[in-house]
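> heads up, no residue letters with this:
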């Protein structure tokens, strides 16, 4: 059949603006950062294309799991699919019980290994058994899925069952995610260690490209388990990656890390692994389990990127925003995708980590500056002086990029302002800060009770109206639950009377089906009866609250307008103080859940680790690099804090996280529908 484009048609995938501008979609991964993360990107992309090539068909049809659209968009696969013989694409959720009669004999399913999805695939195969089928599961192919296909009687219809191991996804020049929404639920509530094993394998994948990491520090039982698995995987290596310390300058001093791709004398390759560039890149691996700091995700984020995630949600670097923000008034869709990373625009890169109160004034300044530069450029062109026209030509690209980016960010900020400037948001911020500073004690918080009792517990009206009310009710439930969990975490658990009062109100207003959610929260350590109260001591010792800065930020409190994330304070302490922190602050560190560890990994023979102290890092021509691993997920505001510290300290941080999350996303995953096996 004719080529059915992936983009903007029935498949549901979106156009990639970078591709439309003939710019590589991974360009932002290979410049300006501490490592060329585009290598990881290319390896993952080639894997799925090779799987299609193994089908051996001149033409084939793809059936795509709609839950993978965001991932497929990341890798801009439209043109590559076409070159691999893909002639038609069908979104799985839009198909009935039969495949479309597209005349294609070879069909490839690219799906997640979830029971309801596999059942749908089996039904399609049963109703059209004469085609040749291949299934590609993302990111793994569990044995249970193969057994399920056998029970459905269709295993013999598949020529091959494969897996596309898209487990480490580069989102930005300093950010890697595993995009595992249920990691914390699985290892903490379900007692399933699979996410910990997967994280250790992800770190191994990084090490095989960039070299063995000499030092591992961390805090938390899950972190220590990951370190132990990583140690075992290292011992099992037949050909460990060699490390060439002399290439350190090639990777880090020259901020244009595209030099990694050159085969000059100073860039040597490992003969056992010719595609692995020998670079002494990571000096320290810092492992942090989410259990160590459950408070930070519950707090409302106030970095610009964090606010976007709180209001619209960001998945794999893309937010779904109203079309008027992109100046698409004729769009028939309620939301359209907006790419958000350092490659989307210089403007966004400059403001994404900025504290929300300063975003508006900054955009106003940029608008005035753009107008001035634009007038100057026109004058230079009108002068017809060759030298001045050359100067304009060199600036033209930046001026055009600013012209395209400014309206989008202004529209976005104005839309966010409708939420952020409400009385409810101000009261929420005051309540959160009051909890952190110990203002409220352990009694039920008046603002929480106002929110709950101000809700209408019924969902009356027409079906469509009922659906809208239910969606709003669910969001209100999660929003209230964040405050209650935050109260519990700050107080070291709630007194029986307070906890009973909260639970009674929740069950009365939101229904007794929420009982399973409350049980999950207790198992996850988010909602507990009173125990040992440690937060006031931690807050005083580590400076977890600072009066918000007026002007340029001087501390990480900018990302939450007062609160300083415990997780980032720990990273700073473990990386820059190390053994000294363990010796002088052991009593404080003991207040944080889980063991503290600081271990060394054996390097290949002939190579010695070279470490840089915090004082040396500020003056070093070559910034030391630390890989910070969040086991169980992290927020965009925590990432903003690490980027801030990087500028302050002269140390580069690369983040590897189970997932990018918010308090609402965490609680949604922990809700009873997940526990009961829903998708």
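Thanks, I have it. Every value quoted in this text rests on a predicted model; they were computed, and no experiment measured them. Numbering: from 1, shown residues only.

> Which neighbours in the sheet does the helix or strand residue 286 falls within have, and how are they oriented?
Mapping residue 286 onto the secondary structure by DSSP states H and E places it in strand 282-289. Each strand that pairs with strand 282-289, with its direction, by DSSP bridges: strand 215-219 (parallel), strand 625-631 (parallel).

> Redo these as JSON lines? Include distance to residue 139, mean neighbour count and mean pLDDT.
Every C-beta, even on glycine, is put in place using the N, C-alpha and C of the backbone. Putting the strands paired with strand 282-289 into JSON lines (distance: least, Cβ to Cβ, whole Å; neighbours: other Cβ atoms under 10 Å; pLDDT from 0 to 100) gives the following:
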{"stretch": "strand 215-219", "distance to residue 139": "24", "mean neighbour count": "24", "mean pLDDT": "89"}
{"stretch": "strand 625-631", "distance to residue 139": "17", "mean neighbour count": "27", "mean pLDDT": "92"}
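
> Out of those strands, which is closest to residue 405?
Ranking the strands paired with strand 282-289 by distance to residue 405, with Cβ to Cβ as the measure, places strand 625-631 first at 28.7 Å.

> Of the strands paired with strand 282-289, which is nearest residue 115?
Evaluated with Cβ to Cβ, those place strand 625-631 nearest to residue 115, the distance being 26.3 Å.

> Show me what whatever helix or strand comes next after the strand holding residue 286 is packed against.
Past strand 282-289, further along toward the C-terminus, the next helix or strand under DSSP H and E is helix 295-298. Using 3 or more Cβ pairs under 8 Å, 6 or more residues apart in numbering; DSSP states H and E as the contact criterion, the neighbours of helix 295-298 among helices and strands are helix 463-491, helix 566-576, helix 663-669.

> Please name every helix or strand in contact with the helix or strand where residue 232 lies.
For residue 232, the enclosing helix or strand under DSSP H and E is helix 221-235. For helix 221-235, the packing partners by 3+ Cβ pairs under 8 Å, 6+ apart come out as helix 194-210, strand 215-219, strand 282-289, strand 596-600, strand 625-631.

> which SS class is residue 160?
Of the three states, residue 160 takes strand according to DSSP: H, G, I helix; E, B strand; the rest coil.

> beta partners of it?
Applying DSSP bridges to residue 160 gives these bridge partners: residue 134.

> roughly how far out does stretch 307-325 sit from the chain middle?
13 Å (Cα atoms, centre = their mean, to the nearest Å).

> What are the buried residues along that stretch?
For stretch 307-325, the buried set under the neighbour-count rule, 16 or more other Cβ atoms under 10 Å, comprises 307-312, 314-322, 325.

> closest to residue 440 among those?
Distance to residue 440, by Cβ to Cβ, is smallest for residue 310 among the buried residues of stretch 307-325, at 22.4 Å.

> Can you name every helix or strand that whichever strand or helix holds that closest one contacts?
Assigned by DSSP H and E, residue 310 belongs to helix 304-311. For helix 304-311, the contact count by 3+ Cβ pairs under 8 Å, 6+ apart identifies helix 386-420, helix 636-649 as packing neighbours.

> now do 10 Å
On a contact count with 3 or more Cβ pairs under 10 Å, 6 or more residues apart in numbering; DSSP states H and E, helix 304-311 meets strand 314-315, strand 318-321, helix 346-351, helix 359-383, helix 386-420, helix 636-649, helix 663-669.

> From residue 321, how far out is residue 338?
Taking Cβ to Cβ, to the nearest Å as the criterion, residue 338 is separated from residue 321 by 5 Å.

> who touches both of those two?
Here residue 338 and residue 321 share the contacting residues 308, 312, 408, 412, scored by Cβ atoms under 10 Å, 6 or more residues apart in numbering.

> Dump those into a markdown table; add pLDDT as well.
Supplementary listing: those in a markdown table, determined by pLDDT from 0 to 100:
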| residue | pLDDT |
| --- | --- |
| 308 | 98 |
| 312 | 96 |
| 408 | 95 |
| 412 | 97 |
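
> got any ranges where this protein has weak pLDDT?
Counting by pLDDT under 70, the chain has low-confidence residues at 1-24, 31-32, 240-283, 377-397, 456-467, 578, 605-622, 672-679.

> re earlier: TSV for the helices and strands packed on helix 304-311, including distance to residue 655?
Shown next, in TSV, are the helices and strands packed on helix 304-311 (distance: least, Cβ to Cβ, whole Å):
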stretch	distance to residue 655
strand 314-315	15
strand 318-321	18
helix 346-351	16
helix 359-383	22
helix 386-420	23
helix 636-649	6
helix 663-669	17
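
> Would you mind telling me which of the ones you listed is nearest residue 496?
helix 663-669 (22.5 Å).

> in the closest one, what's buried?
Residues of helix 663-669 classed as buried: 663-669 (neighbour count, 16+ other Cβ under 10 Å).

> try stretch 444-454
Within stretch 444-454, the residues that qualify as buried by neighbour count (16+ other Cβ under 10 Å) are 444-445, 447-448, 451-452.

> repeat for stretch 517-526
Buried-residue list, stretch 517-526, by 16+ other Cβ under 10 Å: 517-518, 520-521, 523-526.

> roughly how far out does stretch 317-336 sit from the chain middle?
Per Cα atoms, centre = their mean, the centroid offset for stretch 317-336 relative to its chain is 22 Å.

> what sits up against that stretch?
Outside of stretch 317-336, the residues within contact range by Cβ under 10 Å, 6+ apart are 14-16, 28, 69-70, 73-74, 169-172, 175, 177, 305, 308-309, 311-314, 337-344, 407-416, 660.

> Quick one: buried ones out of those?
Using 16+ other Cβ under 10 Å as the burial test, the contacts of stretch 317-336 include 14-16, 28, 69-70, 73-74, 169-172, 175, 177, 305, 308-309, 311-312, 314, 337-344, 408-413, 415-416, 660 as buried.

> re the thing from before, so which of the buried residues of stretch 517-526 is the closest to residue 503?
Closest approach between the buried residues of stretch 517-526 and residue 503, by Cβ to Cβ: residue 518, at 6.1 Å.
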